[in-house]
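# Just a sequence and a predicted model for now, questions to come.
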Amino acid sequence: MSDAIAAGRRICLVGASGLVGSAVIEESIGRSDVRIIGVARREVLLPKGARLDILVGPTTEWPALIEAAHADVLVCALGTTRKAAGSDEAFRSVDHDLVLETAEAARMAGIDRMILVSSVGADPQSGNLYSRTKGEVETALGQLGFARLDVLRPGLLRGKRAEDRPLEWAGQVVAPLADILVFHARLRRFRSIAAVRLAQVILALGERRTSGRFVHEHDSMSEILHQRHI
């Protein structure tokens, strides 16, 4: 079955102030087929030309804000690092607990489609805290009954972040060369991707109605971007 396009779809975006969320907002400028409703803990600096609503409140109020968004699709771009969070527990409270609470609130609000920004290497059995947490939340989301769940597993994200991440910045410097060297299909999933390209993938997936759970790594996302230009 081919995917049908949802005209005038409403996207509830959590993580609007981050690298990916900001890119999604930028990519939505000038488009009449999508409306973004952001949910955030604080005001978000919007780019020139952006026309969207940002519903602001503490995370305890997010279920009510997500319901008020009256959205068709939930896009979750929440994420932090162990260093920024300060502890293993604080990291998991965002990348696992808050993501799951947001998804549960969306289901309670009647939203039956979700797009999650996860990470390459996500695996609930991993010995690495970051990869294990990403894998565990993917598994938990698959049990919430979304009619369609798209899980994006990008490699290193390229783009300017508001917060300082020295190791990630260094990775972005060498990423173009590393990407050239990674040709093997098994390794291509680790290739980097620009945040703006990931945002284009997100908006393209927001148009799709076919039911199921879909995991997108480098090759799948490249194919989605290719289809946009056919």
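Done, it's in.
# Low-confidence stretches in this protein?
Applying pLDDT under 70 to the chain flags the ranges 1-7, 161-187, 229-230.
# those strands in it, which residues are they?
Per DSSP state E, the chain carries strands over the ranges 9-14, 34-40, 53-56, 73-76, 113-117, 148-152, 157-158, 193-194, 212-216.
# Now render those strands as JSON lines, adding mean neighbour count and distance to Ser131.
Using the backbone N, CA and C atoms, a C-beta is placed for each residue, glycine as well. Output for the strands of the chain, formatted as JSON lines (neighbours: other Cβ atoms under 10 Å; distance: least, Cβ to Cβ, whole Å):
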{"stretch": "strand 9-14", "mean neighbour count": "23", "distance to Ser131": "22"}
{"stretch": "strand 34-40", "mean neighbour count": "23", "distance to Ser131": "26"}
{"stretch": "strand 53-56", "mean neighbour count": "16", "distance to Ser131": "31"}
{"stretch": "strand 73-76", "mean neighbour count": "26", "distance to Ser131": "18"}
{"stretch": "strand 113-117", "mean neighbour count": "25", "distance to Ser131": "15"}
{"stretch": "strand 148-152", "mean neighbour count": "22", "distance to Ser131": "14"}
{"stretch": "strand 157-158", "mean neighbour count": "22", "distance to Ser131": "16"}
{"stretch": "strand 193-194", "mean neighbour count": "18", "distance to Ser131": "18"}
{"stretch": "strand 212-216", "mean neighbour count": "15", "distance to Ser131": "14"}
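# do you know which of those strands lies nearest Ala106?
strand 73-76 (4.2 Å; Cβ to Cβ).
# re earlier: could you dump the strands of the chain to a markdown table with distance to Pro124?
Below are the strands of the chain laid out as a markdown table (distance: least, Cβ to Cβ, whole Å):
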| stretch | distance to Pro124 |
| --- | --- |
| strand 9-14 | 22 |
| strand 34-40 | 27 |
| strand 53-56 | 32 |
| strand 73-76 | 18 |
| strand 113-117 | 14 |
| strand 148-152 | 13 |
| strand 157-158 | 22 |
| strand 193-194 | 23 |
| strand 212-216 | 13 |
